[in-house]
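In: Below are the sequence and a predicted model; questions follow.
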Protein chains: 2
Amino acid sequence: MSDANAFATQFINYYYSVFCSDRNNLRPLYREQSMLTFEGAPHQGVNNIIEKMTSLPFQRVAHRIASLDAQPSISNGIFVVVTGELLVDDEQNPQRFTQAFQLIPEGSTYWVLNDIFRLNYG
Amino acid sequence: MSDANAFATQFINYYYSVFCSDRNNLRPLYREQSMLTFEGAPHQGVNNIIEKMTSLPFQRVAHRIASLDAQPSISNGIFVVVTGELLVDDEQNPQRFTQAFQLIPEGSTYWVLNDIFRLNYG
């Protein structure tokens, strides 16, 4: 599982750095088949997913990763689960979140088929 | 995504009811290729996974599901993420957890290829 972990760490660090700088630039990571379930609401396809991401009501966001676990999955995919905290704009209190991905290989890189995001309320 | 959600709900309710009554009986849900990452530690194969589950240091456990999201995935699999709380033995304070699964179809049922479990500490 170590290759999956190493790749997943690299991918997730890249994903959140792009998310923090310009969510529009996440577009190349999704395909028409991609699905995002954000706080229970489903979105499918690149345009719908990027529209959801860019419409989130904050300007700045920082992620602190508490755990990142990955496993090799079917069809050479990678199954990734992240838990952590995020801090938006001038908020003082971080919010806990869980995000999980199924990554699919394409050439030397991967794209996101499945993406599920949840805030973990107290 | 509604079929995936309906099946995942049924599967997860069954999974936690078996988990609470006798963890040995989770055995039919795993295969030799199955992987469990439990609090960061990897376990592979039915025997190793069931040994880990049955060695957990509590007699009784109850799960309260806060969110359950599912999506259809590659090769007709189902990608499932659960967040919630669990209460073990006589503890008064529930612990938050995240658990994610990649389910693989086999005949009219599914088995667990990927399983990642994390407690979400405060």
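Out: Looks like it came in fine.
In: Give the buried residues for stretch A:71-83.
Out: Under the neighbour-count criterion of 16 or more other Cβ atoms under 10 Å in any protein chain shown, stretch A:71-83 has A:Gln71, A:Pro72, A:Ser73, A:Ile74, A:Gly77, A:Ile78, A:Phe79, A:Val80, A:Val81, A:Val82, A:Thr83 buried. Glycine gets a C-beta too; all of them are placed from N, C-alpha and C.
In: Tell me the helix or strand right after the lengthiest helix in chain A.
Out: Longest helix of chain A, by residue count under DSSP state H: helix A:2-21. As assigned by DSSP states H and E, the chain's next helix or strand after helix A:2-21 is strand A:30-38.
In: That following strand - contacts with which helices or strands?
Out: When contacts are defined as 3 or more Cβ pairs under 8 Å, 6 or more residues apart in numbering or on different chains; DSSP states H and E, strand A:30-38 packs onto strand A:41-44, helix A:46-54, strand A:109-119, strand B:61-72.
In: which neighbours does that strand have in its sheet, and in what orientation?
Out: strand A:41-44 (antiparallel), strand A:109-119 (parallel) (DSSP bridges).
In: Put together CSV for the ones you listed, with mean pLDDT and mean neighbour count on each row.
Out: Compiled in CSV, the strands paired with strand A:30-38 are given as follows (pLDDT from 0 to 100; neighbours: other Cβ atoms under 10 Å in any protein chain shown):
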stretch, mean pLDDT, mean neighbour count
strand A:41-44, 98, 16
strand A:109-119, 96, 21
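In: re the thing from before, now, the buried residues of stretch A:71-83 that are in strands?
Out: A:Gln71, A:Pro72, A:Ile78, A:Phe79, A:Val80, A:Val81, A:Val82, A:Thr83 (DSSP state E).
In: what's the most distant pair in the residues you listed?
Out: Distance extremes for these: the farthest pair is A:Pro72 and A:Thr83 at 20.2 Å, using Cβ to Cβ.
In: Show me the shaky parts of chain A.
Out: A:1-2, A:122 (pLDDT under 70).
In: Name the residues of it found near chain B, please.
Out: A:1, A:35, A:37, A:40, A:42, A:44, A:66-67, A:69, A:71-75, A:77, A:79, A:81, A:83, A:96, A:98, A:100, A:102, A:104, A:113-114, A:116, A:118, A:120-121 (Cβ under 8 Å from any Cβ of the partner chain).
In: hmm, try it at 7 Å
Out: A:1, A:35, A:37, A:40, A:42, A:67, A:69, A:71, A:73-75, A:77, A:79, A:81, A:83, A:96, A:98, A:100, A:102, A:104, A:113-114, A:116, A:118, A:120 (Cβ under 7 Å from any Cβ of the partner chain).
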